[in-house]
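Novice: take this sequence and fold it.
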Amino acid sequence: MHTFLRRAFLAAALCTSLPAFAADIAGVHFDDKASLSGSEISLNGAGLRTRFMLKVYAIGLYLPKRAGSLDAIAATSGPKRIQIVTLRELTAEQFADALIEGLKKNHSDAEFIKLQARSDDFRNALLNLKSATSSTRIRLEWIPGNGTRLSVGNEVRGTDIPGEDFYRALLRIWLGDKPVDAELKNALLGIN
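Specialist: Modelled structure (predicted):
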């Protein structure tokens, strides 16, 4: 019996310390690990954004260590990545407006005023895309010491936006009290 308990304890310990997992969402593969700013980050969760039953994009959240809540993510230092792969053609304006709407929904008017200038810079960088065809890879990354970086494909767009509070504000679009999709929020947090 003692050996059985020891094995059960060891199995439980292994299950709780499992690394992140690779995921395939609507034909889009998200690796279990990635490198960002000289650090390894792991896939925390991934999911599908739909709107009116249309597949809009697949999204993955990469963090330095697993986190099951927005507060836990905010308390985690190091680089972070939101990776989005479009599944249909979107105009830059549609994409930018949806993100800004998500920011506004998850912040009070007073909170959003503090983000306004940086939100405008972010929106302008997105609008310079003109359109995002199906399979466009968009990365929103927190680079400590630099800021929030927008990349499309392998090309950086705009300048890095200062302040980790801005990156946390972006995360609230998907992980806040009023996420774009509650099931997607759970998928990104690894709660399924």
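Novice: which residues touch stretch 25-40?
Specialist: 19-24, 41-43, 46-48, 55, 58-60, 62, 64, 78-81, 83, 85, 87, 141, 143-144, 146 (Cβ atoms under 8 Å, 6 or more residues apart in numbering). In this view, the C-beta of every residue, glycine as well, is placed from N, C-alpha and C.
Novice: ugh, wrong one, stretch 167-178
Specialist: Applying Cβ under 8 Å, 6+ apart, the set of residues contacting stretch 167-178 is 59, 61, 70, 73-74, 80, 82, 99, 102-103, 105-107, 111, 115, 140, 142, 147-148, 179-181, 184-185, 188-189.
Novice: please indicate which of the contacts of stretch 25-40 are buried?
Specialist: 20, 23, 41-43, 46-48, 55, 58-60, 62, 64, 79-81, 83, 85, 87, 141, 143 (16 or more other Cβ atoms under 10 Å).
Novice: in strands, which of those appear?
Specialist: 23, 41-43, 46-48, 55, 58-60, 62, 80-81, 83, 85, 141, 143 (DSSP state E).
Novice: what residues are up against the nearest residue to Gly78 once chain neighbours are set aside?
Specialist: Nearest residue to Gly78, sequence neighbours excluded (Cβ to Cβ, 6 or more residues apart in numbering): Pro64, at 3.7 Å. Listed by Cβ under 8 Å, 6+ apart, the contact set of Pro64 reads 39-42, 76-80.
Novice: dihedrals phi and psi, Pro64?
Specialist: Main-chain torsions, Pro64, degrees, to the nearest 10: phi -70, psi -30.
Novice: and the pLDDT for it?
Specialist: On pLDDT, Pro64 comes in at 97.
Novice: same thing with Leu129?
Specialist: If you check Leu129, the pLDDT there is 84.
Novice: so it, which of the three states?
Specialist: Of the three states, Leu129 takes coil under DSSP: H, G, I helix; E, B strand; the rest coil.
Novice: shouldn't it be in contact with Glu155?
Specialist: No: using Cβ atoms under 8 Å, Leu129 makes no contact with Glu155, being 10.0 Å away.
Novice: neighbour-wise, which of the two wins?
Specialist: Legend: neighbour count by other Cβ atoms under 10 Å for Leu129 and Glu155, higher for Leu129 (18 against 7).
Novice: which residue is nearest the centroid of the protein?
Specialist: Ile82 (2.9 Å; Cα atoms, centre = their mean).
Novice: for it, which non-adjacent residue is spatially closest?
Specialist: Leu140 is the one closest to Ile82 (Cβ to Cβ, 6+ apart), at 4.3 Å.
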